[in-house]
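would you be able to build a 3D model of this:
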Amino acid sequence: MIRQSVPIALKRWFIIHFAVDVLFAVPLFFFPVAFLTLLGWHSIDPFATRIVAAALFGIGIESFLGRNATAQTFKNMLNLKIIWSGATIAGVGLSILQDTYPTAIAQWLLLGTFSGFHILWILWRIRIGRMLI
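Numbers count the residues shown, from 1 in each chain. Here you go, the predicted structure:
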């Protein structure tokens with residue numbers, strides 16, 4: 001028998017994720033140079049930055065819109081979040097190893113933020129997976 005009730009805590013994490021994503025997406029989309037300069041970036045491509053902002057808007061807003069979905073929908077969204085955060089961790093980690101921006105503290109903050117969310121999403125994905133057995 002499938003238990004479809006999604007824990008309230010996971011729904012709250014989806015709302016928190018929405019807020020964090022949109023909080024960063026807005027300045028990245030509308031003020032990429034000013035925002036990234038403030039965070040220590042020296043070379044900024046507004047085009048690429050806005051693509052990142054669009055991904056943050058998409059994933060974040062879907063987190064909010066899907067906060068009352070079924071357990072199966074949460075499972076699918078968690079898969080997306082795990083892939084997105086894992087790829088970001090790999091990319092940021094590679095940039096740190098290559099010393100791309102040695103003075104940009106933001107890269108360490110990004111690595112920490114995405115790592116925290118990545119672990120959180122994996123734990124919730126395991127829990128939701130067990131619910132759907």
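
so what's residue 7 closest to, chain neighbours aside?
Spatial nearest neighbour of residue 7, excluding adjacent residues (C-beta to C-beta, 6 or more residues apart in numbering): residue 127 at 7.5 Å. Where you see a C-beta, it was placed from the backbone N, CA and C, and this is true even at glycine.

need the contact list for the residue most central in space within the chain.
Centroid-nearest residue in the chain: residue 85, 5.6 Å away (criterion: C-alpha atoms, centre = their mean). For residue 85, the contacting residues are 114-115, 117-118, 121, by C-beta atoms under 8 Å, 6 or more residues apart in numbering.

mind checking how far it is from residue 68?
23 Å (C-beta to C-beta, to the nearest Å).

ditto for residue 119
24 Å.

related to what we said a few turns ago, which element, helix or strand, includes the closest residue to the residue nearest to the centre of the chain other than its chain neighbours?
Spatially, and ignoring its direct neighbours in sequence, residue 85 is nearest to residue 118 (3.9 Å; C-beta to C-beta, 6+ apart). Assigned by DSSP states H and E, residue 118 belongs to helix 105-131.

measure how far that helix is from the centre of its chain, please.
Helix 105-131 sits 8 Å away from the centroid of its parent chain (C-alpha atoms, centre = their mean, to the nearest Å).

centre of the chain to stretch 67-86, how far?
Computed by C-alpha atoms, centre = their mean, the chain-centroid distance of stretch 67-86 equals 11 Å.

re earlier: most neighbours of all the contacts of residue 85, which one?
Among the contacts of residue 85, residue 121 has the most neighbours (other C-beta atoms under 10 Å), with 23 neighbours.
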